[in-house]
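Undergrad: only geometry, no sequence info:
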């Protein structure tokens, strides 16, 4: 009976042991699965099969691909191609030879092999003409060599869907053609795709779609490549990713019907030698946010209605360069501009059409003596026949045109056509500054305001809101009616500043518009009629002195001194016209009194480019017509007063800051800008350097903005602003100056517009200066605390600094230990109040005393720091062990010490940490190209005694391996060891109960020792909060302990059984 009982007990204990082991395995299995996923272990990888294709493909793509291949094969069978007897067992590459390299390419003989080769990627060469139906999906990089053969496509969907890089080589000949008329394109290129056509012909008979349709892709039509289709190339952006298409045309794109190139929110460049041609519609059409650069040719043939280039979308730009050629024989213009937010810039080239250029809305800038514009019709017929026609079509047209140096001819060189409406809000302004304007009219033109007809070079209706000004250039028309021509041209000349002079050149009579001679500037005793001429005549280091107020834009490319002598220099009104531009190698010093003013949108009084040097000693610099209304609205006239991208010194350091004044009263743009921001920076962008020694800066928004690629040093000056005295994204040092404002005065942050590099965050050092600001704001608002140091300055309140990132005030990393704030005359001055080693015995300057009124240490150490010793050494002992960051202890408030007013001053209770007040309702300042938030002040809290807070990091496992992981095997071994101990104890207890006597010894207690050791090792070495691995360096130790436990269990079991048998 005892033997049977023993057997039953053994079975129960065996079942219990099995249950415990199973539980351990169940607990460990999810973690093992996690480990397998993290390390990408699969059955395929263990068996040697690569799972790359399976793991990289989307779940829905594989059956889709298989279905396409099957349908394709079946379709080939139906069309009479070679039958595939056992389709499912066919090797995908069975019909190909080669290895996909240029030396050993895939050799393709039919459509099926082409699909297989494309799926495999690499270099592919056609061995004969190939016919194909169905779409070829391409995600790999493929080079397709047509090898003088023809790839003919007659499917109903797109031929190539390009998601990788496809290069088609056909320098020696070859063609891809589509003979059907379905709604499909030859090449569909998405945002991840690139297409390069190197020679060859690409023709499509589809009257419904483009030969190339790009959604954010990169397209290159190389030299020798020819595209023929009803429509050519459609370049548009991908609405999902936002990627814009980029098309470069070096070959030829020809459209039978309309739109050789259609552009929407993308860029197209026609290189020299490249051609876009259209037989109908427009040669090139742009939608919104597009850019077209022309170095080559655009042709619009046939006489149907259309234009060579049509700019109709908003915020689009057309640039025409030297050697470009734009021709149109259509019933329209070579170039048509019809959007008030878009612009055409012509720097050269030949433009020819029945009308050369038609402007309905928008901005037209023409410059360059290599520019020729011709209207070919011999007479004005509506809007046809003029070299340039301003066509006012309604009540709200906006046209701005400035023409310089071009040669313009037509029945009228420049012609204004328009109707007048009641309540007309149109604004048409045209200025002819220089160039040649000739009428080639076959018959006379009825000129505005005259009862006679003459052949006039220019003609504009005398209507409200339509203005033509002749400020230069020469004009030729009806020589038989010279007096009438002179009278006609004179209507457009301001006789107070200009005169019309008859001249003879090459046997032809011209009327030249010239400025009236006047003494404008003087150099070395010689007077000149313009500042530009005076600067041109000045030698290196000469002084150019103004003699009168003048409206002129000048460029400085040499070393000169400009003496304003009490007069005003104002720019010629025009968008982006800077009053003074200093280019590379230019060196300008300006002395006052006097004023340099700018009145135009996006125009600066002083623009110093990279490589230039400017010294402003005195004078006033302003934007008198600044119209920036809010942080969101420029009012169509806003910009910086001063822009520096080179080296600039402002102020000569004298005591009178009013000798030099910089003004700008808008709310949209900053006043002084130094350097380039990350948004407009390019490769190798130089660092701009600015030093401010004095001057009076008066602005309603931001006085000085230092960009990411700028370094500014402020030694003096007075800064008055409503928002910020200094906004810093680069490197800034403040050593002096007086700052006054209603809000915080210095913003230090990260230029994160358009994805800025965090390495470009502001680096700020405040070593001095006098700051007066609102009591409910902090003087310095910092978004880059790791690059900020404060070692000086006088502040109107205790709210010196606020860390916007960590939401705290001054820390020991921002203000070094040996510095503190000293209260004197109602202001707080930051200065050195003790040595860094804590050797000062003057408790009144002890930085260990905080604003809560903590008492000095009475240990006799002579230091007032908490716990004794210097604050610096105490912080180093706690925080810097092992190289820890010095920014772990936030100090609630810098030390405030009352300077004694008498030999025995009464004790002063230090002020408590100031509670920041909530922000006013106004919106944060938005820069023209930056977004600068106002500091977010913390909420009011009840005043309480601040106390030293030590942030202790998360507790580490003492013996954990340096890798951030723990071993699942160690957990299993610990549980197994514990199970052995539990079974031994239970076994011994059951023996005693069954025999009712001491038949078992106390050896069972030995089984607890390995279990305790196993648990201790696991706790000391494994950090369960980290990732999981199978085993680590402690696994062997855990295994030895488990084996020791097994030996103890076995020994106790044998001893207990022998004792039981003896009984």
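TA: Received, thanks. Since we're looking at a predicted model, the values are computed, not measured. Numbering: from 1, shown residues only.
Undergrad: just checking, residue 667 touches residue 701?
TA: Yes: the criterion here is CB atoms under 8 Å, and residue 667 meets it with residue 701 at 5.4 Å. C-beta coordinates here come from the backbone N, C-alpha and C atoms, glycine included.
Undergrad: Please enumerate the shared neighbours of the two.
TA: 628, 631 (CB atoms under 8 Å, 6 or more residues apart in numbering).
Undergrad: SS state for residue 982?
TA: When classified by DSSP: H, G, I helix; E, B strand; the rest coil, residue 982 comes out as helix.
Undergrad: any idea how far it lies from residue 988?
TA: Noted for residue 982: a distance of 11 Å to residue 988, by CB to CB, to the nearest Å.
Undergrad: Of these two, which one has the most company?
TA: The neighbour count for residue 982 versus residue 988, taken as other CB atoms under 10 Å, is higher for residue 988 (21 against 16).
Undergrad: per-residue confidence for the more buried one?
TA: Listed pLDDT for residue 988 reads 75.
Undergrad: distance of it from residue 609?
TA: Distance from residue 988 to residue 609, by CB to CB: 93 Å.
Undergrad: mind checking how far the closest residue in space to residue 266 that isn't next to it in sequence is from residue 194?
TA: Leaving aside its chain neighbours, residue 266 sits nearest to residue 245 (3.8 Å; criterion: CB to CB, 6 or more residues apart in numbering). To residue 194, residue 245 is 11 Å away according to CB to CB.
Undergrad: Compare neighbour counts for these two and give me the winner.
TA: residue 245 (28 against 18).
Undergrad: Do me a favour and average the pLDDT over stretch 130-148.
TA: Rounded mean pLDDT across stretch 130-148 is 92.
Undergrad: One more: stretch 524-533?
TA: 90.
Undergrad: List the contacts of residue 319.
TA: By CB under 8 Å, 6+ apart, the neighbours of residue 319 are 291-294, 345, 347.
Undergrad: Mind telling me what element the closest residue to residue 295 other than its chain neighbours is part of?
TA: Excluding its sequence neighbours, the residue lying closest to residue 295 (CB to CB, 6+ apart) is residue 272, at 4.5 Å. Using DSSP states H and E, residue 272 sits in no helix or strand.
Undergrad: and residue 272, how many neighbours?
TA: Residue 272 is flanked by 13 other residues according to other CB under 10 Å.
Undergrad: What of residue 454?
TA: Per other CB under 10 Å, the neighbour tally for residue 454 reads 21.
Undergrad: Need the pLDDT of the residue lying closest to it once chain neighbours are set aside.
TA: Excluding the flanking residues, the one nearest residue 454 by CB to CB, 6+ apart is residue 478, at 4.3 Å. pLDDT recorded at residue 478 is 75.
Undergrad: Residue 478: what's it in contact with?
TA: When contacts are counted by CB under 8 Å, 6+ apart, residue 478 is found next to 439, 444, 454-456, 484-485.
Undergrad: residues bridging contact with residue 245 and residue 194, i.e. touching both?
TA: Common neighbours of residue 245 and residue 194 (criterion: CB under 8 Å, 6+ apart): 217-219.
Undergrad: Tell me the one of those residues nearest residue 172?
TA: Taking CB to CB as the measure, residue 172 lies nearest residue 219 of the shared contacts of residue 245 and residue 194, at 22.2 Å.
Undergrad: any idea which element the closest one lies in?
TA: strand 218-221.
Undergrad: and that strand, which strands flank it?
TA: With DSSP bridges as the test, strand 218-221 is paired with strand 194-204 (parallel), strand 246-249 (parallel).
Undergrad: Identify the residue spatially nearest to residue 533, adjacent ones excluded.
TA: Residue 533's closest residue in space is residue 521 (CB to CB, 6+ apart), at 7.7 Å.
Undergrad: contacting residues for that neighbour?
TA: So residue 521 contacts 527-528, 530-531, 533-535, 544-547, 550 (CB under 8 Å, 6+ apart).
Undergrad: Could you measure from it over to residue 596?
TA: Following CB to CB, the distance that separates residue 521 from residue 596 is 14 Å.
Undergrad: Any idea which helix or strand in this protein has the lowest mean pLDDT?
TA: helix 871-879 (a mean of 32; mean pLDDT, DSSP states H and E).
Undergrad: what does the average pLDDT come to for the strand holding residue 219?
TA: 96.
Undergrad: Now find how far off-centre it is within its chain.
TA: Remark: strand 218-221 is offset 24 Å from the chain centroid, using CA atoms, centre = their mean, to the nearest Å.
Undergrad: how about stretch 373-392: buried residues?
TA: By neighbour count with 16 or more other CB atoms under 10 Å, stretch 373-392 contains the buried residues 373-377, 379-380, 383-392.
Undergrad: Quick one: end-to-end distance for that stretch.
TA: Length of stretch 373-392, first residue to last, CA to CA, to the nearest Å: 20 Å.
Undergrad: Just give me the neighbour total for residue 730.
TA: 25.
Undergrad: In this structure it contacts residue 705, no?
TA: No: Residue 730 lies out of contact with residue 705 (CB under 8 Å); the separation is 9.7 Å.
Undergrad: Need the overlap of contacts for the two.
TA: With CB under 8 Å, 6+ apart as the test, residue 730 and residue 705 both reach residue 674.
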